[in-house]
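>>> the following comprises the amino acid sequence and a computationally predicted model.
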Amino acid sequence: MPCGCGSTNKNDGKQVVDLVRSKGKGDFPLRTPHEIVCVNCSKSFTMNTHVDKCPHCNMTYGVTPCSSMNKENIKAADINY
C-alpha cells in the first residue's frame with residue numbers, strides 16, 4: 001500500500017508530520033530507531049516512532065514510513081507541533 005507521500009514536500013517537517021499523522025502512523029515504531037541531534041537544543045536523543053519529540057526541548061520530528069530507514073529523511077517541524 002503506498003503511503004501517499006508522493007505529493008508531499010519531504011523537506012518541510014510540518015508537511016511530513018501532518019501526512020504521517022493523517023495516515024494514523026505517528027505513533028508507529030520505526031523499524032530502525034535513529035539517534036539524532038536536535039536542531040533546536042543540540043542534544044542527542046533516540047527517535048523511536050515516525051513522529052517523535054526531543055525530550056529536552058519538545059521539538060517535533062517526523063519521517064514517512066517509506067523513507068524511515070535513512071535518518072537523513074527525518075525532518076524537524078516545530079516546538080510542540
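That came through, no problem. Numbers count the residues shown, from 1 in each chain.

>>> how about the strands in the protein?
Counting by DSSP state E, the chain has strands at residues 29-37, 44-49, 51-53, 59-62, 75-79.

>>> so which elements touch the third one?
Of the remaining helices and strands, those touching strand 51-53 by 3 or more Cβ pairs under 8 Å, 6 or more residues apart in numbering; DSSP states H and E are helix 13-22, strand 59-62. Backbone N, C-alpha and C define where each C-beta goes, glycine included.

>>> and the ones you listed, which is most packed in?
strand 59-62 (a mean of 24; mean count of other Cβ atoms under 10 Å).

>>> neighbouring strands - and their directions - for that one?
Its sheet considered, strand 59-62 pairs with strand 51-53 (antiparallel), strand 75-79 (antiparallel) by DSSP bridges.

>>> thinking again about what came up before, out of the helices and strands packed on strand 51-53, which comes closest to C41?
strand 59-62 (7.2 Å; Cβ to Cβ).
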